[in-house]
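Participant: The amino acid sequence is not available; the structure is as follows:
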């Protein structure tokens, strides 16, 4: 089973819109809850929003604007964070796409978790998040507007894969820090089983098989079904997996949803895997943590 990095460094992506206040506040809550060592706030200034660089009227505009923005962010951060937490505010100028600044930063710096704001119903935010989710070299968390500052209940979506193991290990780590109630959700598809989906007998046999796999899964973590409950759901191919996971999270009033990315994230066309990508695009009302599918050569570092 692959090891999971500790959440020592958080990167918070800001864009100077209303959602920044929620991101800063949630980053403060998360840092306190998980005892993180360092929180970095990053804002990328788009060069095309600035006047012509050749204009003599604005010789120091980039520098002064960057300083002004950094000062404003620093003030907002200082109002939410305790002095004991190490924070850093960074502003950068980007010629093409602000997402490139974030991606490049995670490739050069030790970032364990990147926090991104989830703006409901905004196409631009969806495209922005899509590129970052695909290419950042860290795990991800999408924070919605008006999040609950609590992790009393955690739902971890599993399918018994290696990615599920990483997601579940992260859930366990957070549970140990916070004392949260941890549950799992598994959707099983009868069309992929060895049993005909039309008989009660085959359905019962499949259910027993799935429960056995869950016990085997938990055994890797020295845990039992008595310690961690799991909601098993049959896929009737009418409602998608992502919708089912979101619905279950809402019904149990989860404060955090954790899922492992199964797609080869270095390939833009496959993104995070269908289920994870669909969850990323949905208007989920709670923070969603996505454990990235890290390449084998990168896993060895952990």
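Facilitator: The structure has been received and is ready for your questions. Note that the coordinates shown come from a computational prediction; the quantities given were computed from them, not determined experimentally. Numbers count the residues shown, from 1 in each chain.

Participant: Quick check: phi and psi at residue 258.
Facilitator: Summarising the backbone geometry of residue 258 under the convention degrees, to the nearest 10, its torsions are phi -120, psi 130.

Participant: my read: it touches residue 170, true?
Facilitator: Yes - A contact is recorded between residue 258 and residue 170 when judged using Cβ atoms under 8 Å, the distance being 5.9 Å. To be clear about C-beta, it is placed using only N, CA and C from the backbone, and glycine gets the same treatment.

Participant: Overlap of the contact sets of these two?
Facilitator: By Cβ atoms under 8 Å, 6 or more residues apart in numbering, residue 258 and residue 170 have these common neighbours: 289, 291.

Participant: Among the two, which residue is more densely surrounded?
Facilitator: A count of neighbours by other Cβ atoms under 10 Å puts residue 258 above the other of residue 258 and residue 170, at 27 against 21.

Participant: list the contacts for residue 138?
Facilitator: If you count contacts by Cβ under 8 Å, 6+ apart, residue 138 has them with 11, 106, 111, 112, 113, 114, 292.

Participant: JSON lines for these, including secondary structure, distance to residue 185 and pLDDT?
Facilitator: Shown next, in JSON lines, are these (DSSP: H, G, I helix; E, B strand; the rest coil; distance: Cβ to Cβ, whole Å; pLDDT from 0 to 100):
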{"residue": "11", "secondary structure": "strand", "distance to residue 185": "28", "pLDDT": "97"}
{"residue": "106", "secondary structure": "helix", "distance to residue 185": "29", "pLDDT": "93"}
{"residue": "111", "secondary structure": "coil", "distance to residue 185": "28", "pLDDT": "95"}
{"residue": "112", "secondary structure": "coil", "distance to residue 185": "25", "pLDDT": "95"}
{"residue": "113", "secondary structure": "strand", "distance to residue 185": "22", "pLDDT": "96"}
{"residue": "114", "secondary structure": "strand", "distance to residue 185": "24", "pLDDT": "96"}
{"residue": "292", "secondary structure": "coil", "distance to residue 185": "20", "pLDDT": "83"}
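
Participant: Mind picking the one among these that's closest to residue 73?
Facilitator: The shortest separation between residue 73 and any of the contacts of residue 138 is 13.5 Å, and it belongs to residue 11 (by Cβ to Cβ).

Participant: who touches that closest one in this structure?
Facilitator: With contacts defined as Cβ under 8 Å, 6+ apart, residue 11 is in contact with 40, 42, 102, 105, 106, 109, 111, 113, 114, 115, 138.

Participant: how close does it get to residue 32?
Facilitator: Taking Cβ to Cβ, to the nearest Å as the measure, residue 11 falls 17 Å from residue 32.

Participant: Also residue 84?
Facilitator: As defined by Cβ to Cβ, residue 84 lies at a distance of 10 Å from residue 32.

Participant: Looking at those two, which one has more neighbours?
Facilitator: Between residue 84 and residue 32, counting by other Cβ under 10 Å, residue 32 is the more crowded of the two (15 against 7).

Participant: Quick check: that one touching residue 82?
Facilitator: Yes - checked against Cβ under 8 Å, the pair residue 32 and residue 82 is within contact range at 7.4 Å.

Participant: Selection in ChimeraX covering whichever of the contacts of residue 11 are buried, please.
Facilitator: What follows is the ChimeraX syntax selecting those of these that are buried according to 16 or more other Cβ atoms under 10 Å:
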select :40,42,102,105,106,111,113,114,115,138
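
Participant: Check the contacts of residue 11 and tell me the two furthest apart.
Facilitator: Among the contacts of residue 11, 109 and 115 lie farthest apart (Cβ to Cβ), at 14.6 Å.

Participant: got the contact list for the nearest residue to residue 283 once chain neighbours are set aside?
Facilitator: Residue nearest to residue 283 in three dimensions, not counting chain neighbours: residue 120, with 4.8 Å by Cβ to Cβ, 6 or more residues apart in numbering. Applying Cβ under 8 Å, 6+ apart, one finds that residue 120 lies in contact with 144, 145, 283.

Participant: most neighbours, which of those?
Facilitator: residue 144 (19 neighbours).

Participant: Dig out what that one forms beta bridges with.
Facilitator: Judged by DSSP bridges, the bridge partners of residue 144 are residue 118.
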